[in-house]
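Colleague: My questions concern the predicted model and sequence given below.
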Amino acid sequence: MSSQFSDLGISNDLQENLEELQITVPTDIQKKCIPVILEQKEDLVALAKTGTGKTAAFGLPLLQLINTKSTTVQAVILAPTRELAQQIHANLLSYVGNNPEISIAALCGGIPIKPQIERLKTPTQIIVATPGRLVDLVKREALDIKKLKYLVLDEADEMVTALKEDLDTIIAGIPKIRRTFLFTATMSGAIKQLVQNYMSKHVVHKEADMATLGHKGIDHKYVVVEPIEKLEVLMHFLNTKDGQQGIIFCKTKAAVNKLAKKLAINKFSSGALHGSLTQGIRDRIMGQFREGHINILVATDLASRGLDVKELAYVVNYHLPDTYDAYVHRSGRTARAGATGLSLTILQKEEVAEVFDFEKELGISFSKFQKADAQSIEENNTLLWAKKIFKTKPNRDISDEFKTKVKTIFHHLTKEELVEKILANHIAQTTSLDSKMKEPNRKK
């Protein structure tokens, strides 16, 4: 068993489960937070970027503090998105292993509420929830949180803005004498106000190695493009990452749908993820992505939180994020658990100056990504055209008689000769099309 987790006060049973999960060395934030939660009585504010092991930092000590003889709800863990809540729930279940004495429920919006109401009729000690669904269940009197002992706010910087009303309602309905553990990637003014309003005067502050851990292993790059070439540059990049998994972030749902459609037309193995999709579709897409059936996820910032997919090779910011926090969470999807990864931002000329603001604010360094030249782009487009042909399903409605006539025209050609002729024809057509598109500019 890991002596390091033992030194932090983690029980032998939990250590054995961690070993089965191949978790043997505590991360920096786990070393700093676990003893505070286990051994002290104060509230905790932990500053740690994504990918630093925050779930285990609060999850392991919570599991150990739960009174297994009591059937009341003792701990509530709040997360800003369904994906993150489901991920936390899955992690806690894996930490518990086969222990039947601890009951953990996930209560998220976007899925039917009746099964959750039925679930809460059985004894439940830990709840992982999104704020809106928790408020709904409390109002329906399906859930009693009046005896709560522990409240965890994960990714609190996200909840304190978009979900503040629900958060205020929840905090108003739980005991004043409780312990609150707040985890955040940034210490904004809104977070400081929340700490002042809702946490005890004696709060323990812990911080992971923010200078390195949050960005460790991530290669931050940017490439400058003209608007007309943006998609082609992206597709050239994606072809260089063929067989590897990554996420492309767009600013809006409409942009996600548009880009995902274009990638699908060009036969990239991809799927779309945003908040307007039903939970069933989101779960299906995420399942396909996690299992490796699709390689590319096109997503809004919804996907930057709660997605813990191993070995993501890259993330692409197809649109520059609006906030520094969003960039941290996006880029943090890659280079997890000690791995390395690339965070590529595609910019237009007028956006380049913003890169230096991101460097200064986040303490990171961007380097320029070498954009593919015109010939490479053209060759890549031809390869995409060839893939389209390869993946095109035969048209069964074409008569055998007509197929025979076409075959007769080509019957004396070898496979190599046929490929050469088709390729030459395609290049001639695309060259002619490009010339026509540039013609108006020459006339000016």
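Modeller: Cool, the structure landed. Numbers count the residues shown, from 1 in each chain.
Colleague: State the three-state secondary structure for Val298.
Modeller: Secondary structure state of Val298, per DSSP: H, G, I helix; E, B strand; the rest coil, is strand.
Colleague: Is it correct that it is in contact with Ala264?
Modeller: No: the criterion here is Cβ atoms under 8 Å, and Val298 misses it with Ala264 at 9.6 Å. All C-beta spots, glycine's among them, are computed from the backbone N, C-alpha and C.
Colleague: List the contacts of Arg140.
Modeller: Ile113, Ile117 (Cβ atoms under 8 Å, 6 or more residues apart in numbering).
Colleague: and the gap between it and Leu60?
Modeller: Arg140 is 32 Å from Leu60, where distance means Cβ to Cβ, to the nearest Å.
Colleague: ditto for Trp385
Modeller: 53 Å.
Colleague: Compare those two and say which is more crowded by neighbours.
Modeller: The neighbour comparison of Trp385 against Leu60 (other Cβ atoms under 10 Å) goes to Leu60, with 30 against 17.
Colleague: give me every residue that touches the more buried one.
Modeller: Counted by Cβ under 8 Å, 6+ apart, Leu60 has contacts Phe5, Ile10, Leu14, Leu18, Gln30, Ile34, Tyr95.
Colleague: and if you look at Glu291?
Modeller: Per Cβ under 8 Å, 6+ apart, neighbours of Glu291: none.
Colleague: Can you show me the strands along the stretch 1-150 of the chain?
Modeller: Taking DSSP state E, counting those that start in this stretch as the criterion, the stretch 1-150 of the chain carries its strands at 43-47, 75-78, 104-107, 126-129, 150-153.
Colleague: elements contacting the longest one?
Modeller: In other words, strand 43-47. Here strand 43-47 is seen to pack against helix 28-39, helix 54-65, strand 179-184, strand 203-207 when contacts are counted using 3 or more Cβ pairs under 8 Å, 6 or more residues apart in numbering; DSSP states H and E.
Colleague: got TSV for those, with mean pLDDT too?
Modeller: Below are the helices and strands packed on strand 43-47 laid out as TSV (pLDDT from 0 to 100):
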stretch	mean pLDDT
helix 28-39	94
helix 54-65	95
strand 179-184	94
strand 203-207	93
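Colleague: Relative to Arg333, which of these is closest?
Modeller: Among the helices and strands packed on strand 43-47, the nearest to Arg333 by Cβ to Cβ is helix 54-65 (14.6 Å).
Colleague: from the middle of its chain, how far away would the closest one be?
Modeller: 22 Å (Cα atoms, centre = their mean, to the nearest Å).
Colleague: what's the angle between it and strand 203-207?
Modeller: 140 degrees (axes from the mean of the first three to the mean of the last three Cα atoms, to 10 degrees).
Colleague: buried stuff in helix 54-65?
Modeller: Buried residues in helix 54-65, defined by neighbour count with 16 or more other Cβ atoms under 10 Å: Lys54, Thr55, Ala56, Ala57, Phe58, Gly59, Leu60, Pro61, Leu62, Leu63, Gln64.
Colleague: before we move on, back to that, so which of the helices and strands packed on strand 43-47 gets nearest Met235?
Modeller: helix 54-65 (35.2 Å).
Colleague: hey, C-alpha coordinates of the closest one in CSV?
Modeller: Extracted in CSV, the C-alpha atoms of helix 54-65 (Å, rounded to 0.1, in the frame of the first residue of the first chain):
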residue,chain,number,x,y,z
LYS,A,54,-9.1,17.9,-7.0
THR,A,55,-11.8,15.2,-6.9
ALA,A,56,-9.7,12.9,-4.8
ALA,A,57,-8.5,15.9,-2.7
PHE,A,58,-12.0,16.3,-1.3
GLY,A,59,-13.6,13.0,-2.2
LEU,A,60,-11.2,10.6,-0.3
PRO,A,61,-11.4,12.4,3.0
LEU,A,62,-15.2,12.9,2.7
LEU,A,63,-15.7,9.2,2.1
GLN,A,64,-13.7,8.6,5.3
LEU,A,65,-15.6,11.2,7.4
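Colleague: Can you pull out the low-pLDDT segments for the chain?
Modeller: Residues of the chain meeting the criterion pLDDT under 70: 1-3, 50-51, 162, 209-216, 303-308, 336-338, 432-444.
Colleague: Would you map out the domains in it?
Modeller: Residue ranges for the domains of the chain, per automatic domain parsing: 3-207, 218-374, 393-443.
Colleague: Adding distance to Asn381, write the ones you listed out as JSON lines.
Modeller: As requested, these are arranged in JSON lines below (distance: least, Cβ to Cβ, whole Å):
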{"stretch": "domain 3-207", "distance to Asn381": "34"}
{"stretch": "domain 218-374", "distance to Asn381": "7"}
{"stretch": "domain 393-443", "distance to Asn381": "7"}
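Colleague: Determine which of the ones you listed approaches Asn380 most closely.
Modeller: Closest of these to Asn380 is domain 218-374, at 4.4 Å (criterion: Cβ to Cβ).
Colleague: name the element Ala353 belongs to?
Modeller: helix 352-362 (DSSP states H and E).
Colleague: chain center to that helix: distance?
Modeller: 22 Å.
Colleague: ok, now which ones touch the closest residue to Val152 other than its chain neighbours?
Modeller: Excluding the flanking residues, the one nearest Val152 by Cβ to Cβ, 6 or more residues apart in numbering is Ile77, at 4.2 Å. Applying Cβ under 8 Å, 6+ apart to Ile77 gives the contacts Phe58, Gly59, Leu62, Ala85, Ile88, Ile126, Ile127, Val128, Ala129, Val152, Asp154.
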